[in-house]
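Visitor: Generate coordinates for the sequence data below:
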Amino acid sequence: MKATAFAFERPGTVQQALASKRAWGGAARFLAGGQSLVPAINMRFNQPECLIDLNGIDDLRGIRLDGGELRIGALARHAEVAGSELVQRNVPLLVQAGRHLAHVAIRNRGTFGGSVALADPAAEWPAACLLLGARMRILGEQGAREMPAERFFQGLYMTDLGEDELLESVVIPVQAAGEKSCVLELARRQGDYASAAVMARGRAEGGGLRGLRLAFFAVADRPVLDPALDASVERAVQAGSLAEVPAIVQQAMAAHPVRADLYNAARTKAYLCGVLARRAVVQLIGAGAEDE
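Guide: You can find the predicted model right below:
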């Protein structure tokens, strides 16, 4: 199928983009990388009357360090984030996540902000933003505002973005020295959306872990963070009971809206979360292969 006819505007400033969106209202969509939006338009799942292309707005680009925080412009390409030495030095979890993200063509064209604004529950960047305590900087006719990630993501493809607002950048605290992190996914093939996935961060200490945090994604309507689960897994690791981790995770996931997909039942996904959590813990504490 092909898209229906639509108008196309290419503003040069944020103010012009917001003015265009106000004029068109709900009939217009902002276009960033277009890796999700354009296929949806071609399949006529989405039929906007106007596309407002943001790619001519330089203020939405770039990656920079601002004090103890990394600021990633909404138009930063996936490949740019994953390949950045600045990101690697300061927020290595993003580089680890970027290695799993889609395929080359999508990484080269798709944008960090576009993925965050779409809020696909199987995507890497929303899960990373939640785990890292990111803040979203949002621009609208009333000015700028910031929203923490845990309040920004509200459900399946649902965010706090207003109809006439756009995402300017994402601000992410630098990871602490000595903190370790990892990203593990189970997918039918490399680059596809995962059947189940986990991101983990924490400090290896005396054969155990401190400050463990886990984010499970591709299993519910949004990434799953559970502080009580983190604490339970950390206690098991401190007690030398790695074998208990999968069961702890599976039991905890029963309290979350884990959803089946075309290939896996919800129960299977919960089981996979347990398997991945144990593998992630082993990586963080640096245990030998015999502990796996």
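
Visitor: Next, work out how far apart Gly56 and Asp164 are.
Guide: Using CB to CB, to the nearest Å, one obtains 19 Å as the distance from Gly56 to Asp164. Where C-beta positions appear, they are placed from N, C-alpha and C, glycine not excepted.

Visitor: helices or strands up against the biggest helix by length in the chain?
Guide: Ranked by residue count under DSSP state H, the longest helix found in the chain is helix 266-285. Under the contact definition 3 or more CB pairs under 8 Å, 6 or more residues apart in numbering; DSSP states H and E, helix 266-285 sits against strand 180-187, strand 194-205, strand 208-217, helix 227-238, helix 245-253.

Visitor: Between Gly56 and Asp164, point out the one with more neighbours.
Guide: Neighbour count, other CB atoms under 10 Å: between Gly56 and Asp164, Asp164 has more, with 17 against 14.

Visitor: secondary structure element for the more buried one?
Guide: Of the helices and strands defined by DSSP states H and E, none includes Asp164.

Visitor: quick one, phi/psi of it?
Guide: Per-residue torsions, Asp164: phi -110, psi 20 (degrees, to the nearest 10).

Visitor: mind listing the strands for the stretch 1-150 of the chain?
Guide: In the stretch 1-150 of the chain, the strands defined using DSSP state E, counting those that start in this stretch lie at 7-9, 28-31, 50-53, 63-66, 69-73, 135-140, 143-148.

Visitor: quick revisit: nearest to Pro121, out of the helices and strands packed on helix 266-285?
Guide: Pro121 sits nearest to strand 208-217 of all the helices and strands packed on helix 266-285, at 6.3 Å, using CB to CB.

Visitor: Check which element follows the closest one along the chain.
Guide: Moving toward the C-terminus from strand 208-217, the next helix or strand (DSSP H and E) is strand 224-225.

Visitor: For Val38, give its distance to Glu165.
Guide: The separation that Val38 has from Glu165, given CB to CB, amounts to 21 Å.

Visitor: And the two? Which one has more around it.
Guide: When Val38 and Glu165 are compared on other CB under 10 Å, the one with more neighbours turns out to be Glu165, at 20 against 15.

Visitor: Contact partners for that one?
Guide: By CB atoms under 8 Å, 6 or more residues apart in numbering, the contact set of Glu165 is Leu18, Ile138, Leu139, Gly140.

Visitor: And for the residue nearest to Ala27 when sequence neighbours are not counted, the neighbour number?
Guide: The spatially closest residue to Ala27, leaving aside those adjacent along the chain, is Glu49, at 3.9 Å (CB to CB, 6 or more residues apart in numbering). Neighbouring residues of Glu49 were enumerated by other CB under 10 Å; the total is 14.

Visitor: just Arg267 next, same as before
Guide: Taking other CB under 10 Å as the criterion, the count of residues near Arg267 is 13.

Visitor: For it, report the pLDDT, please.
Guide: The per-residue pLDDT reported for Arg267 equals 97.

Visitor: coming back round to it: for the contacts of Glu165, work out which two are farthest apart.
Guide: When those are compared pair by pair using CB to CB, the farthest-apart members prove to be Leu18 and Ile138, with a separation of 11.2 Å.

Visitor: For these two, indicate the residue with more neighbours.
Guide: Comparing Leu18 with Ile138 by neighbour count (other CB under 10 Å), the higher total belongs to Ile138, at 22 against 19.

Visitor: Identify the bridge partners of the more buried one.
Guide: Counting by DSSP bridges, Ile138 is bridged to Arg145, Leu167.

Visitor: Offset the numbering so it begins at 284, please.
Guide: Noted, 284 is the first residue going forward, which turns the last one into Ile421.

Visitor: how about it, what does it touch?
Guide: If you count contacts by CB under 8 Å, 6+ apart, Ile421 has them with Ala427, Arg428, Glu429, Met430, Asp443, Leu444, Gly445, Glu448, Leu449, Leu450, Glu451.
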